[in-house]
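1. give the three-dimensional model of this entry:
(one chain, ligands or ions: 1)
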Amino acid sequence: MTRLTDQAHELIAAVLQPGETAIDATAGNGHDTLFLCQTVGQTGKVFALDIQQAALDQAAELLQQAGISNGELICCDHSSLGNIIPETYLERIGTIMFNLGYLPGGDHCQITKTDSTLAAIEAALLLLRPGGILTVLAYPGHPGGDSESQAVAERFSQLETSGYESEVIHARSESTSAPRLFVVKKRGRV
Ligand SMILES: C[S@@+](CC[C@H](N)C(=O)[O-])C[C@H]1O[C@@H](n2cnc3c(N)ncnc32)[C@H](O)[C@@H]1O
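-> As a prediction, this is how the structure comes out:
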């Protein structure tokens, strides 16, 4: 079965256009950032956020090795997402990605938390252009990940009547602890 990270990339690739702006709200080692940079191309722009400078250093190295220069790495909490994207990029934000939890191989205390995740998602919903896609990969099996994942599910279940459509893709099974990918599309066209 295709990994949820790959499924997120496939869904995004069908929506995100060259020249657009994308946001990686949890940059980590930069694999998603690299994918977004390649998808929007040299005329596009990617903002990648993480609370850990060490993660961003890894991400910077990955981008550099790939010869990518259209990614901007910002060390901050993603709850400030609504305030950090320069105005000139606000019009064409085609994708915002979250990969929750902690950095594999990193400090497991540096983990996403429900309150800031929900604040960041709220900002992301507003920033997304019509027709744009928001993906949130959640891990209910991690400590704290259960309540975080549930809070995200509850928020997205309220979206249907408000200009968005959402679905949940489960990993191997619908077990309560299995990872899941929330996919939200903003209705309308650019
Ligand atoms: C699962 S990893 C992301 C993996 C990454 N997308 C990749 O492709 O390698 C989750 C990341 O979220 C970061 N993080 C945790 N809390 C955060 C917050 N409040 N704001 C931004 N990043 C956060 C962690 O430092 C960690 O690097």
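
2. SS state for the residue nearest in space to the middle of the chain?
-> The centre of the chain sits closest to Met97, judged by C-alpha atoms, centre = their mean, with a distance of 1.4 Å. What DSSP: H, G, I helix; E, B strand; the rest coil gives for Met97 is strand.

3. my read: it touches Ala22, true?
-> Yes: taking C-beta atoms under 8 Å as the contact criterion, Met97 and Ala22 are neighbours in contact, 7.4 Å apart. In short, each C-beta sits where N, CA and C put it, glycine included.

4. now do the residue nearest to the centre of the chain, the pLDDT please.
-> Reported pLDDT at Met97 in the predicted model: 98.

5. for the chain, what spans make up the helices?
-> Secondary structure of the chain by DSSP state H: the helices cover 4-13, 31-40, 53-65, 81-84, 114-127, 145-157.

6. let's have those in CSV, adding mean neighbour count and distance to Thr135.
-> Below are those laid out as CSV (neighbours: other C-beta atoms under 10 Å; distance: least, C-beta to C-beta, whole Å):
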stretch, mean neighbour count, distance to Thr135
helix 4-13, 18, 4
helix 31-40, 23, 9
helix 53-65, 17, 18
helix 81-84, 15, 15
helix 114-127, 18, 10
helix 145-157, 17, 11
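
7. of those helices, which is nearest Lys186?
-> With C-beta to C-beta as the measure, helix 114-127 is the member of those nearest Lys186 (7.4 Å).

8. what's in contact with that closest one?
-> With contact meaning C-beta atoms under 8 Å, 6 or more residues apart in numbering, helix 114-127 is reached by 23, 25, 77-79, 81-82, 85, 90, 93, 96, 98, 100, 134, 136, 144, 147-148, 151-152, 155, 159, 164, 184, 186.

9. mind checking how far Ala48 is from the ligand?
-> Distance check for Ala48 against the ligand: by C-beta to the nearest ligand atom, to the nearest Å, it reads 8 Å.
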